[in-house]
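Visitor: what shape does this take:
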Amino acid sequence: MENYPKGFEEFSEARRNGFIKVKELKDQGKKVVGTFCTFTPVEIIFAAGAIPVSLCGMSGEPIEDAEIDLPQNLCPLIKSSYGFAVTETCPYTYFSDLIVGETTCDGKKKMYEYLGEIKNVHVMQLPQNLDRKDSFTLWKNEIIYLKEKIEEDFGVIITEENIKKAIRDRNKERLLLQEFYALSKLSPPPISGYEMHKVLDGVSFTLDKNEQNKKIREMIDDIKSKYENGERRISKTASRILITGCPIGGVADKVIKSIEENNAVVVCYENCSGVKEKSRLVDEDMEPIDALAEKYLNIGCSVMSPNTNRINLLNELIDEYKIDGVIEVVLQACHTYAVETKKIKEFVTKEKGIPYMSLETSYSQSDIGQVKTRISAFIEML
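Guide: Down below sits the predicted model:
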């Protein structure tokens, strides 16, 4: 796309630009905590004065090295994450003083055992059912264990007031990002889905949150101003697509570009790097650990059984974003999302009455022709 929004390039290159910044922070004595998942309560990390950063796991480059220890028929995200650690080719992983994992799938859970031989790893044991009365207590205790682990390792005291401040700060960030991705409710949307993804993805690698929020505010105002002055960069006839399913960082170019080269536009990402975590704020009136437990436990991940929160969120998003079709991206060997496709397909096609397609892929480029063909056929049907 031409004429990118103001500040877009900085977010597009945020992961790469952060490589130097994370070393500078380490040289200043800052502690860095690597994270993999949206279930990690980053407020606890910020409250400790540490820097959370999303770890590399979006490239096929280190997968061959990872397969020395891990099976080939494993999720590419898991293999990529581990491969970057064993090859020491991801600065974020390399400079992490602590890595926080979570039991969102059996593959990741077992991979953490090997990762723990290389790095300092703390695994949060996630309850996988919201209906049990002790699930909340279990997850609250896991957040307390994380707090105690960070305090012990970093030699700090995490105060209740610091947690409350971190909650307020992160809520401000979520509200700003909600305003950003909600721009795509406009018809036609003012930005492409590719641009939206690059910004949302770049946030995970932006280490100065105050500067990040300032730039997002400027970007929103710039996009709104141009739109109000009549700029239309997306065709009004473009089919409006919602992407759901697995994290798509490693397949974004392959999938999103194939969609937007066929007179369609991705207007909403329900998955982890999109709306899923940002759609709910942390309750600032509750006791802070309770509030964090309540917020993060209700993320609609496919590991939850039953996963009613995912259905509820999809129901809202399909209506609010006037979705013409849903594409579910499933990474190879991601069993929870693969099994859940039946339920999602039935909900989308029968209850919402719109077309749905499940697309299984990996980080390899070997299936790019098939991906383009299937997406083209799906959009043509719309």
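
Visitor: how about the strands in the protein?
Guide: 32-35, 51-54, 98-102, 121-124, 239-245, 264-269, 325-331, 356-361 (DSSP state E).

Visitor: right, and those strands - which one's nearest Gly193?
Guide: strand 264-269 (2.5 Å; C-beta to C-beta). All C-beta spots, glycine's among them, are computed from the backbone N, C-alpha and C.

Visitor: helices and strands around that closest one, which ones?
Guide: Contacts defined by 3 or more C-beta pairs under 8 Å, 6 or more residues apart in numbering; DSSP states H and E place strand 264-269 against helix 193-203, strand 239-245, helix 252-260.

Visitor: where does the protein dip in pLDDT?
Guide: For the chain, the stretches with pLDDT under 70 are 1-3, 7.

Visitor: distance between the longest helix along it and the chain's centre?
Guide: Looking across the chain with DSSP state H, the single longest helix is helix 160-181. Offset of helix 160-181 from its chain centre (C-alpha atoms, centre = their mean, to the nearest Å): 16 Å.

Visitor: quick one on the thing from earlier: how about a markdown table for the strands of the chain, with mean neighbour count and distance to Tyr4 added?
Guide: Shown next, in a markdown table, are the strands of the chain (neighbours: other C-beta atoms under 10 Å; distance: least, C-beta to C-beta, whole Å):
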| stretch | mean neighbour count | distance to Tyr4 |
| --- | --- | --- |
| strand 32-35 | 25 | 28 |
| strand 51-54 | 24 | 22 |
| strand 98-102 | 24 | 33 |
| strand 121-124 | 20 | 37 |
| strand 239-245 | 26 | 20 |
| strand 264-269 | 27 | 15 |
| strand 325-331 | 23 | 24 |
| strand 356-361 | 20 | 26 |
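
Visitor: please identify the deepest-packed of the helices and strands packed on strand 264-269.
Guide: strand 239-245 (a mean of 26; mean count of other C-beta atoms under 10 Å).

Visitor: each with direction, which strands does it pair with?
Guide: strand 264-269 (parallel), strand 325-331 (parallel) (DSSP bridges).

Visitor: what's that strand in contact with?
Guide: 187, 189, 193, 255-256, 259, 263-271, 274, 310, 314, 317-318, 321-330, 337, 344, 358, 379, 382 (C-beta atoms under 8 Å, 6 or more residues apart in numbering).

Visitor: just to revisit the earlier point, in JSON lines: the strands of the chain, plus distance to Val42.
Guide: As requested, the strands of the chain are exported to JSON lines (distance: least, C-beta to C-beta, whole Å):
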{"stretch": "strand 32-35", "distance to Val42": "7"}
{"stretch": "strand 51-54", "distance to Val42": "5"}
{"stretch": "strand 98-102", "distance to Val42": "9"}
{"stretch": "strand 121-124", "distance to Val42": "12"}
{"stretch": "strand 239-245", "distance to Val42": "23"}
{"stretch": "strand 264-269", "distance to Val42": "19"}
{"stretch": "strand 325-331", "distance to Val42": "23"}
{"stretch": "strand 356-361", "distance to Val42": "29"}
